[in-house]
Every structure is written in C-alpha cells, then in structure tokens.
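> I would like the atomic coordinates for the input below:
(chains A and B)
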Amino acid sequence: MNEHDLRGLIEHVREGKLSRRAFTRTMIALGLTAPIATQMLAYSGVAVAAEKFAYKPTKAGGGGALKVLWWQAPTLLNPHFATGTKDQDASRIFYEPLAGWDADGDLTPVLAAVIPTVENGGLAEDGTSVTWKLKQGVTWHDGHPFTADDVVFNWEYSSDPATAAVTIGSYKDIKAIKVDDHTVRVEFAKPTPFWADPFVGAIGMIVPKHLFEPYKGAKSREAPANLSPVGTGPYMFVDFKPGDVVHGKLNPNYHMPNRPYFDTIEMKGGGDAVSAARAVLQTGEYDFAWNMQVEDEILKRLEASGQGQVIITPAGGIEHIQLNNTDPWHEVDGERSSIKSKHPYLSDPAVRQAISLLVDKGSVHKYIYGRTGDDSANFITAPERFASKNTHYEFSIEKAIKLLDAAGWKPGSDGVREKDGVKLHAVYQTSTNTPRQKTQEIVKQACQKAGISVEIKSVVASVYFSSDVANLDTYPHFACDLQMYTTTMQQPDPGVWMRQFLTEEIATKANKYQRRNIVRWSNAEYDKLWEQSDKELSPVKRAAMLIALNDMVVNNVVVIPVVTRPAVSAVAKNLHTPLSGWDTNTYALQDWYRDA
Amino acid sequence: MSRYIIRRLLIAIPSLLGISIVLFTVLALAPGDPFSELATNPAIPPEVQASLRAKFGMDDPVLVRYLHWLSAMLHGDWGFSFVSRVNVDTLILQRLPTTLAVIGASQVLALLIALPVGVLAAMRPYSVFDQIASTIALIGFSLPTFFTGIVFILMFSITLNWLPFVFRADLSATGLQWWWEEIRQSIMPVAVLGLFQGATWTRFVRSAVLDVIRLDYVTTARSKGLAENAVVLKHIVRNALIPVVTLIALQMPIVFGGAIVTEQIFRIPGIGSLLISAIQANDTPVIMAVTFVFACLVIVFNLIADLLYGWLDPRISYR
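Below you'll find the predicted structure:
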C-alpha cells in the first residue's frame, strides 16, 4: 500500500464511506499500531480527540481545597487583556473558550457541542467559514443563559481597537455571525486552513455580553467584571488581589457532569521559581506550581522528598541559535544589520554548516537542561504531525575543520581561520540566564577547537527582550553575529509561526524592528512555499509543506535548533492534572482531581 | 512654630517636584516595555503592541507624558497600572494593611529588643552581657535579610516543617484560629526584619546611653540618693532617647514602603512586592506612584522628626 492508496482510504473515512474503525482495522492488518492509525486521521483533520484522560470522581465537589502557585502573579482576569500566560491561566479558571487544545494538539470541545468538521457540516469545503454548534443549557455564573449572542459579542468587543484588547489579532479579520441561539458562523476573509484560532484556546475565552456590553471600546478599563469575572467555568469567582492571589469556589451548575472535584481553588502568585518548586515538591504546602524554570538537577533533588513530582508537557518552545545574514559591524544608512549588507563570513554556506556541526546539542541537553530540554534537529518539534523526520544533526569538530579547510578558510598565526582578510571571529549574545551562559561556553569551546574565535556576550533579559528602538542590545536589532534565545510556537499549528522567515517580515529600522524575521534571511522559494501553505486546505499536503519549510530553515542553517523547551510543572503526588503545551495550564482544570 | 511648619511645607513642594522629575526621567530612560511579553509572542501581530503603546500614551515625548502625569496627580488621579489596568490607588490601598502589619510588627519587635538590651549593655559597659550583646548585634546587622530569610525557611519550614513559608493575606480561618495562623506565618518575616533592625538600634541605643550616663547631672541624681530605677528611667533614658526617637521617626516611611527583598522571599503581598513586580513589568504608573508616595513620606517624617526633637528637647527652638 503506497501513500496514494493511504490518502484514498483517509479520504473514504472523511467522506464517510469507510468507518473509522474499519480504517483502523485495515491499518492494523498492515502492521501499523492503532495509535498511528488515529494519528493519520488526526493528521487529515478527521479525528476528534478520543477520551484520553480517565476522570474518576463520580460526583462534583468533596475534594476540599486546591492550592496552586504561580510564581509570576496574575495581574488581571479579563482574557482579552491578558498579556502573559499567568493572566490567561488565571482567567481560564472562570472563563472558557468554545474548544481547547489537548496535549497532542487536538481540539476538545468545551462550550462547543461538537468540534466542526467537514463531515458534520461545520467546516466549509472552501475553508472560508466554520460553523460552531454551542452546547445547550450552559449558564453564566450569575444564572444568565450562554448563547450565540455572547460569542458574537466577544468578536465585536475584541476587534474594536478602542477596547485595546490583546486578542485583537485573532478577531480583527474575521466576522462572527449568529445563525440561531446556539449556532455561530465564523467567516474568514480568505480560505483559512488554520480555522481554529478565534474562540479557541487561550485567546478564545468568552466573556459575558450582558456584563461587558456597556464597556465595549474606550471604557473597557472601567468594567467592574474586569476584576470580578462571571464566566461559565468550573469555579466561580470569590476574590482577587492583582499581583497576589485569586480565589474561586465550585460552580454547582457546571455544564460537565461530576465536575469539578475541588470545593475551592486558590491561585497564589509571586516569589521565585525555586521556592515555588519547594512548596510543592518538598513541603507540600501547595498542590501545583507552574513553569518550573529551575535547573533539572535541583528539581530532581527536591523530588527526592517524595511530596510530588515534576511533569513535562511537550510544547512549542525551541532554544535556538540565530546566524546573522547581514553585516552587524558596519552601518548602512545609519543602520547596523541592514538588509542592504551581507555578512562577511556567515554568507558562506560552508561556515554556517561548520558552526552547525560545532553545536554539541547532546551535551547541552545532558548536562544543562536535562528533562527540561531535549536536543533537537528541528525548528518545529511538535505536535508530532508537524515534526520533520528528514533532518538530523551531528556534532563533529573534525567534519567542521574539513569543511572549513575545503572552503579555503585557513588558520592564521593566532589560530583563528581567515580568508581574504576576513577573520572567523564571532560575537555570540544571549540573555543573562545561567543555562544560556553554560550553553554559550560549550559552543565557544568547540568553535575554538575548529579555529573560530567566539566572544561571549550576555544582556540583561529586561533589555534584551524589550522593544526599545534606540537600544542596540535588544534581540531584534541583532547587532552581532550569533544570538540565542527561545521562541515559542503558541498554537499547535506552525502556520503563523513560520512567518518569521518570510522576506516581508524582516526586522528593519524602518519598521522599528517590530517584524519577526530577526535573522534577516530572504529566500524566494521559502516565501512561495509559505504562501501556498497558507492557502492549502488539505491538512496532509499542508503538513508536508510546513515540514518542508522547517527542513529549508534547518538545512540552510538559517538557525540552529538547540533544545526544545517543554512546559515543566511541579505537581503534588496523587493529584491528576491533564496539561497541554498548546493551551493555558488550566485548560482542563475541570478534570483535575486527587486520589482519595 | 506654625510659621516654621508652613515654611518647611512650602520648601517641600520644590523638592517633591524635583524628585518626581528625576523619577520620571529615570523611568523614561530605562529600557523595557510593559508589553514586551507580547513582543516575544509570535502569535500576536506587532501592530497590537504598537497600538497599545499608542493608546496608553507611551509614544508621546517624555515631557508631555510628565506633564500629563503631573496634572493628573494634582487632581488626585494616580493613573492606572498598564499591566493590570487597575487604578494605582486601589492597588496600593489593597496592599497597605499587610505591609503595615508585617513591617510595623517587625519595628515593634526591633524596639522591644533594642531598648532593654541597649540600655542594659550601656549600664555595664564591657561586661560579659555587653560583649555578648555587641557581638550578636554585629552579626545581626552584618547578615542581609535575604540571607537570614532563606536560612529561616530552610530551618523552620523545610527541615523542621513548623512554619509555612508562603504568606497569605487572606486566611480563611476565623477567630482564634485566624490569629494562630496569622502569627505562625508572620513569625519568620517579622523575625527576619525585626532582628536586623533591632541589631542596628541596639548599637545606637547603647552609644546614646553611654554618652549620657557619664554626665554630671546623672552623678548628681545618684548622689541625691535617688533609687537606681528612677535615675535610669527618668534621668538617663529620657535624655538618651532623644536622638533615638528622631531615628525611629526617620525610619517610619519604611513601614509604609515595605521591605522589597523580604516580601519577595515570603511572598508577602505588600507595597515592596508591588514595587518590585511593577519594576519587572516596567509598569511606570505604579512605580511612579509608589516611589512618589515614599518620597512624600520621607519628607513628612523628616519634618515630624524635627518637630519631635524640639518637643523632647526644649532648648531647641524653631525660627
């Protein structure tokens, strides 16, 4: 059976000519396992997430208090204003989207009755609209019914620039139309393969129309409900102190049966990651702590006390090294790293390949990040369906030396290679952060053995990651040869994320360094393929295109992926917490429970 | 006297203006942006961040922003936090009680240690008690609070598991139970701050008392046959404490300002932790408000200290 036949079968399942079970059986007969078969269907946008998590409690409540610790405290509870995950996580206790993303990057319905597909008529064949059927009988915490009007209102609210909503990017180019009280049609301006963005996941949380309508637009800041949310979620609002603590209590009218398990929830904020890990893993004062940016060795030591464990969830973060395509050392029209210039030696593909061979990702993983960072050849590492199998990486100083020799880079009197008066001397910057400085050291030593001298530079994170147009030390200025940081694919679809290598996205002084193509790489072939992937409606073909884009980035050494950065949480033992790297940490809060 | 107060208050106006200009300029020059988290999120188009900056007036020239801030402040409008979009005064008032309770208690503890220990040590200088007290005081103010705080946590929370190390401003218990939990969670932060402050003050009280104890009027009092208690309390301590009272009055703004490091370690939701998180998030209105209030308090308590001084020591007069 070849790929063509397989596609045919998948098509049959999609059209309903072949049952999912029959398809799976055929695949098993061919020697494939059932999960792979389901995966293939998921790939093709056919599968709807099966029940992956077994929820045991048989009645709501009775679980006592759930105490969670976010070392960056939530500062607001309006999901449309949430500037970071901490705010989204806190808002998600009370508010819910139509659907959420599970750990595998599959959709699970929350306020939607079903996930729209082409078969159930939810998805338009031409990709220009999606129709959501809403769950019936859902009420807001204050007793008002949840209807299509609320969903449509969220679109109006967010897309009004005067509201100053952070979610506006997902709503400004769509139209939400009420079909009936429990049906909403989302219309896109053009065929949109990644249709599950508005009303889904972290940016899709829905706020009630009856409380926010008077505060749409310029008065958005004055809404009392900004600080005392009334949602549809598993817990009802009790009180909130910005930057300190959020309290909730069980919602007796929650729309999912037997949920939630806990009677109250407390989300405490502040402090630092290590002591948060301590409070969960060592003293058991708290049940859950978020975003454990702590060295794995310390986590292991804390885990040894037996109060809890560390849970790693795959997510879209990748720590990577960027190689400058432009000349960072000479100003062109008053701008360093101007697209009008060319990098003196990184424009030689051999040098790029050599540097890529000199990054010892295995050691970085093993000795620095441990469980909190796996070495990776790919830029897109998850979900599984988008991870390329075509790429590989190796660490070899000898090969790098051979490559440089062949390309005519000869060691000078000081041991640093040079050609035509250009020396292989690189300034390599990143933010001040212990694991990053250790990684820099590993790369530097390997490079020096191969005759590339590396000067290490670290910039305080608050400067490095700021958008200050006047400061040369920020990452978008890229006023050096190499730099390293983590960029995160927030959605389980790489479409938007892969924009960061498009020619039109190049960061320049003219666009105030606000665009995302920091490496200033320009490749017509890449641009064209991305355009195609943005229109391609067949999920299989599209995935293949996105994988090809990843391969172009990796094979041309546009960037060197180093390690993945999964989500790391500390969880008390006996506590069951379905987590996902593609949605808020609290996306399945209703399912959290403790073994009695 | 009242003319003196009025003059001092008038002088305070230009100093406050100067302070606010310096603060504002420094904040405007400092790198960073409250929306930088959006900038690193590829799913959010850069226009969103740009329009938020424009809406909150962050792209205006520094002078315009300063004048806006100043005129709003004069109208009693403290502005709102860019990060939480809550009014700054609400944020500060929410956190004031915790800070007052924790820092206030630690200052009381410091006084309770410093006064008796300092006086006793000075009464018998270079005795064993004095040697021990001085040594402990030296250690006490040499150890920074972030160090003692962590040592306390390791000892009492992690090894012994006696005390919680996450401070909660919203204990659900009531009555006696509430007091019990409140005291349990306050012991460590109050002790860390109080012992540090107490150590400094002990040294101060000791030297102040030593200065007075050798004076002729003390000898006179003793030779009159007054009881030792009366000599110490009425003649020595009363005079020796004049500079101490001033020192404590000057210390009072800190009670309102909170303790940045200690609040962070114990997760105390006070003014100090509000300030530090605002600084980390580049939340200019909050930083401005907290630091400005602090500056006002410093000026006011300076004045109070000066007035107290005159009241305690009638030889000083105000003109």
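> List the contacts of whatever helix or strand residue A:400 lives in.
Using DSSP states H and E, the element containing residue A:400 is helix A:397-406. By Cβ atoms under 8 Å, 6 or more residues apart in numbering or on different chains, the residues outside helix A:397-406 that reach it are A:350-351, A:353-355, A:357-358, A:417, A:424, A:446, A:449-452. For the C-beta atoms, the positions are set from N, CA and C on the backbone; glycine is no exception.
> can you pull the pLDDT of residue A:519?
Note for residue A:519: predicted pLDDT of 95.
> Check whether it sits in a helix, strand or coil.
Three-state assignment for residue A:519 (DSSP: H, G, I helix; E, B strand; the rest coil): coil.
> What residues does residue 148 make contact with?
Went with chain A since none was named. A:134, A:178, A:179, A:180, A:181, A:182, A:183, A:184.
> um, chain B though
Residue B:148 neighbours (Cβ under 8 Å, 6+ apart): B:192, B:195, B:196.
> any idea which element it lies in?
helix B:145-152.
> In strands only, show me the contacts of helix A:397-406.
Applying DSSP state E to these, the entries found in strands are residue A:417.
> Any of the contacts of helix A:397-406 buried? List them.
A:350-351, A:353-355, A:357-358, A:417, A:424, A:446, A:450-452 (16 or more other Cβ atoms under 10 Å in any protein chain shown).
> ok so, going back, after the helix holding residue A:400, next one along is what?
From helix A:397-406, the next helix or strand downstream (DSSP H and E) is strand A:410-411.
> Mind listing what's buried along stretch B:111-123?
B:111, B:113, B:114, B:115, B:117, B:118, B:119, B:120, B:121, B:122, B:123.
> Now the fourth one: phi and psi?
Pointing back at residue B:115 there. phi -60, psi -60 (degrees, to the nearest 10).
> pretty sure it is touching residue B:205, no?
Yes - if you go by Cβ atoms under 8 Å, residue B:115 and residue B:205 touch, sitting 6.1 Å apart.
> quick revisit: only the buried subset of the contacts of residue A:148, as a ChimeraX command please.
Buried residues within the contacts of residue A:148, by 16+ other Cβ under 10 Å, are selected in ChimeraX with:
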select /A:134,178,182,183,184
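> so which of the contacts of residue A:148 comes closest to chain B?
residue A:184 (22.0 Å; Cβ to the nearest Cβ).
> spatially speaking, which residue is in the middle of chain A?
residue A:490 (2.3 Å; Cα atoms, centre = their mean).
> Now do the closest residue to residue A:302 other than its chain neighbours against chain B, distance only.
Take residue A:302 and drop its neighbours on the chain: the residue closest to it by Cβ to Cβ, 6 or more residues apart in numbering or on different chains is residue A:281, 4.0 Å away. Note on residue A:281: its distance to chain B, by Cβ to the nearest Cβ, to the nearest Å, is 11 Å.
> In strands, which of the contacts of residue A:148 appear?
A:178, A:179, A:180, A:183, A:184.
> how about the helix or strand where residue B:93 lies, does it get close to chain A?
For residue B:93, the host element (DSSP H and E) is helix B:88-123. Yes - Helix B:88-123 comes into contact with chain A (Cβ under 8 Å from any Cβ of the partner chain), by way of B:91, B:94, B:95.
> Kindly reformat those residues as JSON lines and extend each row with pLDDT and neighbour count.
Converted to JSON lines, these look like this (pLDDT from 0 to 100; neighbours: other Cβ atoms under 10 Å in any protein chain shown):
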{"residue": "B:91", "pLDDT": "89", "neighbour count": "28"}
{"residue": "B:94", "pLDDT": "88", "neighbour count": "19"}
{"residue": "B:95", "pLDDT": "88", "neighbour count": "26"}
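> quick one: the helix holding residue B:93 to chain centroid distance?
Chain-centre distance of helix B:88-123: 8 Å, with Cα atoms, centre = their mean, to the nearest Å.
> from the contacts of residue A:148, which single one is nearest residue A:241?
Each of the contacts of residue A:148 was scored against residue A:241 by Cβ to Cβ, and residue A:134 proved nearest at 33.3 Å.
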